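Peer 1: Compute the structure for the input listed below.
(chains A, B, C and D, ligands or ions: 4)
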Amino acid sequence: MMSEKIISVDVLARVEGDGGIQVYTKDGKVDKVLVDIFEGPRMIEALVRGKTIHENISLVARICAICTVSHRNASISAIEKALKVKVPEKTQLLRHLWHYAEYIESHVLHVYYLALPDFFKQASAIAMLPTHTDTVVEAVVMKKYGTELMKLLHGRKIHGENALIGGFGRVPTDEELDYFAEKAVEFKEKISAFIEVWGTLPIPDYCERETQFMCCNPANGKFGFEGETILISTGEEYPVEDYKKLTNERVVEHSYAKRSKYNDKPFTVGALARLILIGDRLTGEAKEKFDKYYNDKWKVNPIYNNMAQLIEALWCFEQIPGLIDQIKALPDSEIVTNYEMDGKGTAAVEAPRGTLYHSYEIKDHKIVHADIITPTAQFLDDVEEFIKTAAEKLLAEDNPDTELQLEMIARAYDPCISCSCHMVKLVKQ
Amino acid sequence: MTITTKEGDHAYTTQPAKILAMKDLTEDTRYFKFKFLDESIVEEDYKPGQFAIMSLPGVGEAVFSISSPPTRTDFIEFGVRKVGSFTEALFNLKVGDIVNLRGPYGDGFDMESLGGKDLIIVSGGLGAIPLRSVLLYVEDRREEFNQVFFLNGARSPADMLYRDDIIAMAQRGIIESHLSVDKDDTGEWPYNEGVVTTLFPKIVDRVVSEKTTAIICGPPIMYKYVIQELLKLKIPKDQILMTLERRMKCGQGHCGHCAIGGRYTCLEGPVFTYYDVQHIKELI
Amino acid sequence: MKTYKMSKDRFPEFIELIKTKGQLFGPVKGNGHYSFEKIEKFEDLDFDYQRTVIGPKKFLTPSRYPTLRYDKTGQSDVFVSDEPQIVIGVHPCDIHGINILDRLFLGNIKDPYYEKRRNNLIIIGHSCFPDENCICKSTGTDMVEDGFDLFFTELEKHYLVWVGSDKGLSIAIEAENLLSEEISEEDIQDYVRWQQKRSGMFKSEIPSFKYLADIIHLNYDSKVWDQFGEKCLSCGTCSLVCPTCNCFNVEDRINMNAEDGYRERILDSCTLPYYSMVAGNHDFRPDRTARLKLYYTHKLKEYIGKWGQPSCVGCGRCVTFCPVDINVITVSEALFGEVCENQEVCD
Amino acid sequence: MWKREKKPVVGVFGFSGCAGDQLAILHMEDELVDFFTSADIKFFHMAQSHQEVEHVDIALVEGSINTDKQLAELKEIRKKADIVVALGTCATHGGIQYLGDNEKEFEERMLLVYGKDGKIPEFSELVGNPIPAKPIHKFIEVDFSIPGCPIAKENFIPIYTKLISGLKPSKYPYPVCIECKFQGNDCFLLHGEYCLGPVTAGGCDACCPTFGVPCVGCFGAYEGANFESMIEKLIEIGLTEEDAKRKLMMFGGEATELALKGEK
Ligand SMILES: Cc1cc2nc3c(=O)[nH]c(=O)nc-3n(C[C@H](O)[C@H](O)[C@H](O)COP(=O)(O)OP(=O)(O)OC[C@H]3O[C@@H](n4cnc5c(N)ncnc54)[C@H](O)[C@@H]3O)c2cc1C
Ligand code: SF4
Ligand code: SF4
Ligand code: SF4
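Peer 2: Residues are numbered from 1 along each chain as shown, chains lettered A, B, ... in the order given. Ligands and ions are numbered 1, 2, ... in the order given. Next comes the predicted model:
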């Protein structure tokens, strides 16, 4: 028997806020790299025990503000699976729309606000305002589109209560949806143009190494952010229920976020993993951009995650008008309220930064056991490895910009906005 | 002091006034002297006890008793204690800065009808601010009044407002003043120590109840005890005048906050006779 | 008062006509409750209602609105535009409510913000049938003589249209072809039958409303108040839904640029904890009991002393919306109950 | 006219929570540029590269404290800042992770989440030792509190702009119901459905009830809350006392915990 005591944690919570990178050198060589997550333990999985399923979805969304939709979505899906709730098609489509909104908000925030300033050696996107006014303004309005669409479906921009088990409290009106359909067309053009700009930026190559990738495999064979199985770059595929085999969580002393390895090796999840594994299923302009910019370097260099995110955001903008048409064509659906009392269920959704697992055991509509594995917990080991590779090269070259360059790797992963901006400390022994 | 001077002015129209002077009265209380920019506004036509509302856009509005008497025109004075956001901002202003004013509001002391009477003026703490208007009125029209007793209480010597002015007035024979502090922490206080009611023995034998009017202003708890003393002196209830403080936002009977019983402090008060409000339970 | 008759099938035309006079609002059902909303077409209207959550006071004293704007260069008043607002479907109790607000805001001292809104508002009343929470018969506000521009009494086949103001009359004159001045004997009979029917439908009343003010006075220290005080959630709902509650707070807001901003009026409630607090943190009504007493004595007693009429118009909103059943009915019943227990004056 | 004297230095600091309050600031797209220009934002590691600061006029502190390392940092911030503002329900009340002070229960939870072979592993000094999550006022003096999970811009901006203008924001507590009625909504409690509006601090514009979903109390307790009557009401509509208390405690933090124990 496996030891039952290892239970996963609300990882993102601890990555989201405070983390750092420590590079230790010995005799002039990199000894080890630690991405330390020092945000304290919130123990969400312990505190949701004994809560009702409805209370649970409000609580787990609070693991992470930027992935609030993904968490709420994943927990609703897992609970609905466990209790055999069948939601009508309109609800499903609204959930897709809601999820796309989060992708737009999160990817735009990450690429424009957080990653881009590095390339111009600026402290923040706001600091770029005098020199790159149009780009910054474009980012702000595009992100606003995402947050406003989230608000429409969620009830507020962050941690709304409108998405419930079985449906939505309030369903948006056709007029409200039309606005977003129209605007999506406009923003599609904008982001498409920006991809061309990004394509000209020099991508540093000091961190290249081979690794493994994972993502959800959408059941319909199309590109998307949900699936019943997980696809691995090794060619294997597992049902989401086998998530423990894939993630093998362990506790490390320098982090309140747990760590994962597959086959004893670190792996990467997120936009880069999705495009590497199922990018050929993209359609429209997103596919054109993918074909234009995808190359073998993507598999060895995480900095390409930025480009992957832009292509995904473009894809979302392209999908939205059609999706809204489909939604409008369907009659409004009531919240499904009759379902079973007990059950077990696991769901995986792709959060903007990677695969997110929620798994529950439910009795009498109360949570007896919860297990949540966040993307950052899965890729942190790989971040450390990439940083190590880079640090070895950069230190050998005596590169004056080493700290920034290493931070760029962590940031490219978009682990969480706060820790991605953290300072790197060089500890020489 | 008419604030509405031109077409389109309304109940909330304010008039800019310039700070002519300020002076610290105590650690947290300051004297302010204003002059309206609009020369056509004459700073008279109000009664002691009435109040004005100051406005600083961005900060808000706050209510202050006018502490100068209508007998002295050409400026208007206030005393303000720093307690919160508006008053702090006001304290940060400099001479020459502009504050917007509206008012006067409420009903004050009808000084003319008190002519020929004895007055017992009882003040506690900040109560001296509106009562200063009464005292200066008495000074300017001294011949209209008979005996004037002024009993003034403060927490400590440092908290006593207008101490030198009061002593000077007493020396000139305008008032008979008695000062007291709750507690003398300096060891140098030459006057009475104890709450303001402990000053009453100094005047009791000279009080002629039916021709005396008492005027009280001070913190809420003071009223109960002072009124007890005045009733012991057999001052008729309708000759006990008191000014009440209530929260207020508009000053003109609309915002509701200052209601006590069926009355709006801002319209019918802040000056009430004890007779009028004695049955109101939440008086204090 | 001039009275006309209008055939019901002409009513949609009338709606079209008044829509040309300004923004039209009327009772609309949504999410299981009624509210006065903007009307695009006749079909949006639903006159079969007892009460909206918020009455027409929302057009006169909105929940929050700016009164002053300022920037680096100075300050200026903020007034609503001149565009008329027309609210249709207002019941007698709510018209009485507006009359009470008018008395307060347009009395000796006129509130300029209210005045502007009031002058822009055209009120078209509509008859109603009571439900079990309506107590306007007790408060004497089940019928209304003034305060509206037009009033529609809905009979079997016709409307009786009462004109209440010059503005109302000019609309009537414009709507001439929809109205008839010939009111037959039969129409009058219809009207009488309608009155009798409505009169018989009232199920709730405030017992002996006439001397309620005295009872409140005598019972000022009754333990009944403490019992209500223990239950009250200090949620403010009763004040906000009451058509005659108008207390407001004033706050200055600074915009994010820290350069300009506005002064805002916000509806307030005397049930809130800091309502009566003054500088030095002295609170004249520190507990819920004291604050509830203010609410009810103000409405049901003090207002009568001042205006000869209570400021409760019997709309039943507090009856419907207080989550813990504190309302004019339960409060007055409890106070009378107290009297009955002690003095056996009730039968 | 009143005019502010200087542009203050502001730092935004984060501890344990979802970073939602910092993100809520970034989500104020319409005011974002003004936010970064109306004050001198010296420290905001979610949005800009790290800076060391000696002194800030105003520190906006997000998150609860749940390691000794954070505690030490919090005290540093207090030393550096003239005004400390607790930002968001985690900082003001402890947030969803506030589970009381019981040491035994705390260890059980640590064991459940991190335990290996029946033991809680040692954490390195890089990350500090864990302690039960608490709001920041338990450790340092807090000048102003802006609750919300996360904060709402409607509530945040007026308070924040007063602060950066050198003014004291005024305090006038009211519950979610007030803003709910501002929106003209009906009340869940009248229809047998739970809603924590009456005991929850307002400020969010009652966004949840306005969407037709009950308030789960994310702004923490309203200063005038009548918990006893609220629990009675919830029992009347069909919840058990235990259900009612559990719901009240979701975001209630220590204030609610004490009130429910009758200690307030
Ligand atoms: C008729 C009258 C005359 C007054 N005369 C004087 C005077 O001569 N000198 C003087 O220093 N003060 C006077 N006050 C009190 C003065 O109005 C308050 O101190 C002032 O409004 C506080 O404003 P603030 O913004 O500085 O305080 P805030 O930061 O708003 O609050 C500090 C305290 O003041 C209370 N408060 C807030 N608004 C009001 C309000 N509108 N009315 C009363 N209390 C309030 C709060 O509850 C809090 O306890 C008078 C009040 C009234 C009603
Ligand atoms: S007190 Fe109640 S019944 Fe009377 S007018 Fe107000 S809400 Fe309506
Ligand atoms: S009486 Fe009822 S509606 Fe009014 S504050 Fe109390 S609980 Fe709320
Ligand atoms: S309604 Fe309640 S749960 Fe919703 S945002 Fe407001 S306080 Fe939070």
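Peer 1: Those residues of the stretch 101-250 of chain D touching chain C, which are they?
Peer 2: D:157-158, D:160-162, D:164-165, D:167, D:170-175, D:177-178, D:181-182, D:184-187, D:189-191, D:197-199, D:212, D:223-226, D:228-230, D:232-233 (CB under 8 Å from any CB of the partner chain). In short, each C-beta sits where N, CA and C put it, glycine included.
Peer 1: Show the buried residues in those residues.
Peer 2: D:157-158, D:160-162, D:164-165, D:167, D:170, D:172-175, D:177-178, D:181-182, D:184-187, D:189, D:197-199, D:212, D:224-226, D:229-230, D:233 (16 or more other CB atoms under 10 Å in any protein chain shown).
Peer 1: The residues you listed also near chain A: which ones?
Peer 2: When contact is defined as CB under 8 Å from any CB, those meet chain A at residue D:212.
Peer 1: Next step: the buried ones among the residues of the stretch 101-250 of chain D next to chain C restricted to helices.
Peer 2: D:157-158, D:160-162, D:164, D:177-178, D:181-182, D:229-230, D:233 (DSSP state H).
Peer 1: which pair in the residues you listed spans the largest distance?
Peer 2: D:164 and D:233 (40.5 Å; CB to CB).
Peer 1: Now the residue nearest the centre of chain D: closest residue in space, sequence neighbours ignored.
Peer 2: Computing the C-alpha centroid of chain D and ranking residues by CA atoms, centre = their mean puts residue D:89 first, at 1.4 Å. Among residues not flanking residue D:89 along the chain, residue D:149 sits closest, at 4.2 Å (CB to CB, 6 or more residues apart in numbering or on different chains).
Peer 1: which SS state does the one you found fall under?
Peer 2: coil (DSSP: H, G, I helix; E, B strand; the rest coil).
Peer 1: Then the one 5 residues further on?
Peer 2: When the structure is split into helix, strand and coil by three-state DSSP, residue D:154 lands in helix.
Peer 1: how close does it sit to ligand 3?
Peer 2: 22 Å (CB to the nearest ligand atom, to the nearest Å).
Peer 1: With residue B:134 instead?
Peer 2: 41 Å.
Peer 1: Please apply the same query to residue C:112.
Peer 2: Counting by CB to the nearest ligand atom - residue C:112 and ligand 3 are separated by 30 Å.
Peer 1: list the contacts for residue A:186?
Peer 2: Contact analysis of residue A:186 by CB atoms under 8 Å, 6 or more residues apart in numbering or on different chains lists nothing.
Peer 1: Not counting its neighbours along the chain, what's nearest the residue in the stretch 101-250 of chain D positioned nearest to chain B?
Peer 2: Of all residues in the stretch 101-250 of chain D, residue D:168 sits closest to chain B, at 3.9 Å by CB to the nearest CB. In space, and not counting its chain neighbours, residue D:168 is closest to residue B:85: 3.9 Å by CB to CB, 6+ apart.
Peer 1: Let me know how buried the one you found is, in neighbour terms.
Peer 2: Residue B:85: 18 surrounding residues under other CB atoms under 10 Å in any protein chain shown.
Peer 1: How about the one 4 residues further on?
Peer 2: A count of neighbours around residue B:89, defined by other CB under 10 Å, yields 24.
Peer 1: Verify the contact between it and residue B:61 for me.
Peer 2: No: taking CB atoms under 8 Å as the definition, residue B:89 is not a contact partner of residue B:61, at 11.4 Å.
Peer 1: so who does residue 89 touch?
Peer 2: In the absence of a named chain, this looks at chain A. Residue A:89 sits next to A:330, A:333 when contact means CB under 8 Å, 6+ apart.
Peer 1: that's the other chain; I wanted chain B
Peer 2: Taking CB under 8 Å, 6+ apart, one finds B:56, B:59, D:2, D:166, D:167 in contact with residue B:89.
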